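S.K.: Model the following, please.
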Amino acid sequence: MSYIYFTEEEKERARTVNIAELLKSQGETLKRSGSEYEWLDGTQKVTIRGNLWFHQYERVGGDAVGFVRKFYNKEYSEAVQFLLDGKCGTIIRAKPIEREKKEFKMPQAYWNMDKVKYYLHEVRGIDEDVIEAFVDKNMIFESSDYHNAVFVGFDKNGVPRHANKRGILKGSTFKGNAEGSLDEFAFHWIGTNNKLFLVEAPIDALSLICLNKDTWQEDWKNNSYAASCSISDRVLFQCLKDYPHINEVYIAYDSDIYGQNAAKRTKAKLDNLGGYKSHILVPENKDWNEDYLELDEEGSDIEWVM
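M.R.: Numbering: from 1, shown residues only. Prediction:
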């Protein structure tokens, strides 16, 4: 195990880099406004003065290191090296810290899943054939303790590695992962074509399928779907590693600021990697289940952010 040590002088030089000059060197477009510059984060204005920036919509700001960390999706050491063209830092070797690994514990299944099927179909509106497709692959079941809906994620060898639990009884707001779950193997379905849809929650994946299965030109089962069970993208990059036929990603997180900021970060990572087509899909309401429940006879338009 190793880490990079920076001197105080190196940290200060990185922190005080002129952000406008940095952006110009990266081919970005800026607008002069008095003694400041304006730069767009998507459609949101960021004000820049020297080594300082301020996001007018999110009401946050900082120095050049913070700028690179936020908008270029880099860790602290990567940001400092990026700002100083890699001409800094000393690699320090350190003894690895032993961390206790919790064993993955799959919830015990109830003898039937009538309550889960009722919840998914009658409350969440999910089509019965979509539910059955996932049940047939042992990806959804009902727990025996609290009758939670359990959404299972398997590794490429078919070994369960992740279980996301959702309370379904009246008044329940419980959500959580089983102890020892590995985020990189969260709930996902792998199809045969090159497209993957990344969402926040398993019910979002089921809802997105239902919204589009009658309009997609090919069987929905040919697509791939992954639910991060958060706004992490670990499951996405594990899928891309394990299933190299996937090279087009639709990031379909919730429409709130947290989901959309995470979507932009993930798209930037994919764009920086190269070799992938990436798009951002935005639900009209907060999430895809709300869109599906609101769907009228004429269907629902989807906003694409390229």
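S.K.: Return the residues in contact with Tyr225.
M.R.: Listed by C-beta atoms under 8 Å, 6 or more residues apart in numbering, the contact partners of Tyr225 are His188, Trp189, Leu196, Phe197, Val199, Ala205, Leu208, Ile209. Bear in mind the C-beta positions are built from the backbone N, C-alpha and C, glycine included.
S.K.: nope, Leu206 is what I meant
M.R.: Leu120, Arg124, Ile126, Val130, Ile131, Phe134.
S.K.: repeat that for 10 Å
M.R.: 120, 124-127, 130-131, 133-134, 140, 151, 187, 189, 199, 225, 227, 288-289, 292 (C-beta atoms under 10 Å, 6 or more residues apart in numbering).
S.K.: That one and Gly274, how far apart?
M.R.: 32 Å (C-beta to C-beta, to the nearest Å).
S.K.: Just the buried ones out of the contacts of Tyr225, please.
M.R.: His188, Trp189, Leu196, Phe197, Val199, Ala205, Leu208, Ile209 (16 or more other C-beta atoms under 10 Å).
S.K.: wait, doesn't the third one sit right on Asp242?
M.R.: This means Leu196. No: Leu196 is beyond contact range of Asp242, at 11.4 Å (criterion: C-beta atoms under 10 Å).
S.K.: Overlap in contacts, these two.
M.R.: Joint contacts of Leu196 and Asp242 (C-beta under 10 Å, 6+ apart) are His188, Ile190.
S.K.: Next, count neighbours for Val159.
M.R.: 9 (other C-beta atoms under 10 Å).
S.K.: what's the distance between it and Gly153?
M.R.: Distance from Val159 to Gly153, by C-beta to C-beta: 10 Å.
S.K.: Now list whatever residues contact both of the two.
M.R.: Phe185.
S.K.: At which residues are the strands of the stretch 51-200 of the chain located?
M.R.: Remark: strands assigned in the stretch 51-200 of the chain by DSSP state E, counting those that start in this stretch are 52-55, 60-62, 90-93, 140-142, 149-154, 160-166, 175-177, 188-189, 195-199.
S.K.: Show me what the fifth one is packed against.
M.R.: This means strand 149-154. If you count contacts as 3 or more C-beta pairs under 10 Å, 6 or more residues apart in numbering; DSSP states H and E, strand 149-154 packs onto helix 114-118, strand 140-142, strand 160-166, strand 188-189, helix 202-212, strand 224-227.
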